[in-house]
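Engineer: Here is the input, now give the coordinates:
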Amino acid sequence: MRPIDYARVKELVSYGHVLELLGWRHVRMEAGRYRGPCPVHRATSRTSDSFAVGPMGWTCFSCKRNGDQLALWALATGWPIMEATADLCHRLGIDVPYLARRPRQPRRPRQPRKPRTREEAAETGGAGGTPPASPLGSEATPHQVHKVPVGWQASGPMKTPDKPR
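Structural biologist: Now for the predicted structure:
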């Protein structure tokens with residue numbers, strides 16, 4: 001799916017639109033915020049005022065959730081934010097605003113690799129050169145490198161520090 005322009009949806013959809021679709025009615029107004037029962041946790045008491053909504057967002061002091069109008073619709077319907085936003089737009093008769101797709105940049109053609117000479121390969125330890133030195137010394141084979149016990153060091157077994165008392 002194409003990404004939704006959530007900022008544009010927030011401009012088009014008000015808290016009043018969402019609360020009207022949810023059938024929410026406020027109980028009282030306090031400090032510029034409407035208070036009433038929470039549509040998220042579906043408070044059953046008509047006199048409950050645990051939910052507050054204002055121009056900066058909504059908060060439920062009972063279920064400890066807050067957010068914007070899109071989060072409110074998503075939580076109240078139980079849908080993920082993308083599906084809930086598309087549903088909200090459809091219910092309000094608004095075309096879902098999608099973000100414009102950026103045109104794909106054409107891939108740069110790969111530069112052909114310059115073939116290395118045997119001398120260059122030998123200098124860097126690549127094919128045709130000498131193998132890198134083994135950490136166990138010159139007598140170790142590559143298969144013996146993996147058989148080193150955990151905690152082994154060149155000076156002997158690892159000493160564990162004394163525990164502080």
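Engineer: tell me the centre residue of the protein?
Structural biologist: In the chain, the residue lying closest to the centroid (CA atoms, centre = their mean) is Ile81, at 13.3 Å.
Engineer: ok, that residue - contacts?
Structural biologist: Counting by CB atoms under 8 Å, 6 or more residues apart in numbering, Ile81 touches Leu70, Ala71, Ala74. Bear in mind the C-beta positions are built from the backbone N, C-alpha and C, glycine included.
Engineer: Of those residues, which belong to helices?
Structural biologist: Secondary structure defined by DSSP state H assigns Leu70, Ala71, Ala74 of the contacts of Ile81 to helices.
Engineer: Apart from its chain neighbours, what residue comes closest to the first one?
Structural biologist: Read it as Leu70. Nearest residue to Leu70, sequence neighbours excluded (CB to CB, 6 or more residues apart in numbering): Thr85, at 5.4 Å.
Engineer: Just name whatever secondary elements the helix or strand where Val53 lies is in contact with.
Structural biologist: Applying DSSP states H and E as the criterion places Val53 in strand 51-54. If contacts are counted by 3 or more CB pairs under 8 Å, 6 or more residues apart in numbering; DSSP states H and E, strand 51-54 sits against strand 33-36, strand 57-60.
Engineer: which stretches of the chain form helices?
Structural biologist: So, for the chain - with DSSP H - the helices run 6-12, 15-22, 69-77, 81-92, 118-124, 142-145.
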